[in-house]
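Chemist: Have a look at this prediction, sequence included:
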Amino acid sequence: MQEWLFQERTDAAKHLARRLERLKRQEEVQKEEDKEDEYNKSVIILAIPGGGVVIGDIIASELVSNLM
């Protein structure tokens, strides 16, 4: 019988969001350093229908980001 790392998709999404938070903080630091740069990067979560939208919504909420 296979053992799963996560109990369900929402649990996996919350774990992933915590790991992605570090990347978001790095991007915010980079934005501060490049304030004069016209190119403004934003964090956008892309979710694929068929189960991915639920996960994407959780990740976007945790990171206070846009969901597309």
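Modeler: Nice, I can see it.
Chemist: helices or strands up against the helix or strand of the chain with the lowest mean pLDDT?
Modeler: The helix or strand of the chain with the poorest confidence is helix 9-33; it has a mean of 81 (mean pLDDT, DSSP states H and E). If contacts are counted by 3 or more CB pairs under 8 Å, 6 or more residues apart in numbering; DSSP states H and E, helix 9-33 sits against helix 52-63. Every C-beta, even on glycine, is put in place using the N, C-alpha and C of the backbone.
Chemist: how much space between Ala47 and Arg18?
Modeler: 18 Å (CB to CB, to the nearest Å).
Chemist: Looking at those two, which is more packed in?
Modeler: Ala47 (18 against 12; other CB atoms under 10 Å).
Chemist: could you point out which element follows the least confident helix or strand of the chain?
Modeler: strand 44-45 (DSSP states H and E).
Chemist: helices or strands up against that following strand?
Modeler: Strand 44-45 packs on helix 52-63, strand 66-67, going by 3+ CB pairs under 8 Å, 6+ apart.
Chemist: Describe which strands the shortest one pairs with in its sheet and in which direction.
Modeler: By that I understand strand 66-67. Using DSSP bridges, the strands paired with strand 66-67 in its sheet are strand 44-45 (parallel).
Chemist: That's all I had, so thanks and see you.
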